[in-house]
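In: following is a predicted model, sequence given first.
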Amino acid sequence: MKSAYELAMERLQKDTPSTPLTSEQRAQISEIDSLYKAKIAEKELLLKGEIAQEQAKGQFEEVEQLQKQLASELRRLNEECESKKEKVRQGK
């Protein structure tokens, strides 16, 4: 008997068959990952530094705003990264 996981994976494979990636596509995806990890780290360092400064000043409203900005920037960068990787997977 197959497990529920195996059955679900078979159904998923029937709905959207996966195609193997070429070595060039894997290299492009790896490069995109590396680039966006660097961008994310840069944003985190910049905004976390500003957050620490504002906390030291006691500007808690500003801290909250910067934390929201950080979350928004991280979400945007992750979505952008996934979008670019998906284009590579699609061969575009």
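Out: Alright, I've got the coordinates.
In: middle-most residue in the chain, spatially?
Out: residue 78 (2.7 Å; C-alpha atoms, centre = their mean).
In: that one and residue 40 touch, don't they?
Out: Yes. If you go by C-beta atoms under 8 Å, residue 78 and residue 40 touch, sitting 7.5 Å apart. All C-beta atoms are positioned from the backbone trio N, CA, C, and that covers glycine.
In: if we can go back for a sec, tell me how far the residue nearest to the centre of the chain lies from residue 71.
Out: Applying C-beta to C-beta, to the nearest Å, the value for residue 78 to residue 71 is 11 Å.
In: how about residue 27?
Out: Applying C-beta to C-beta to residue 27 and residue 71 gives a distance of 31 Å.
In: repeat that for residue 63.
Out: 13 Å.
In: who's more crowded, these two?
Out: residue 63 (18 against 11; other C-beta atoms under 10 Å).
In: that one contacts residue 54, correct?
Out: Yes. Residue 63 lies in contact with residue 54 (C-beta under 8 Å); the separation is 4.8 Å.
In: now stretch 41-54, how far from the chain's geometric center?
Out: 19 Å (C-alpha atoms, centre = their mean, to the nearest Å).
In: okay, buried residues for that stretch please.
Out: 43, 47, 51, 54 (16 or more other C-beta atoms under 10 Å).
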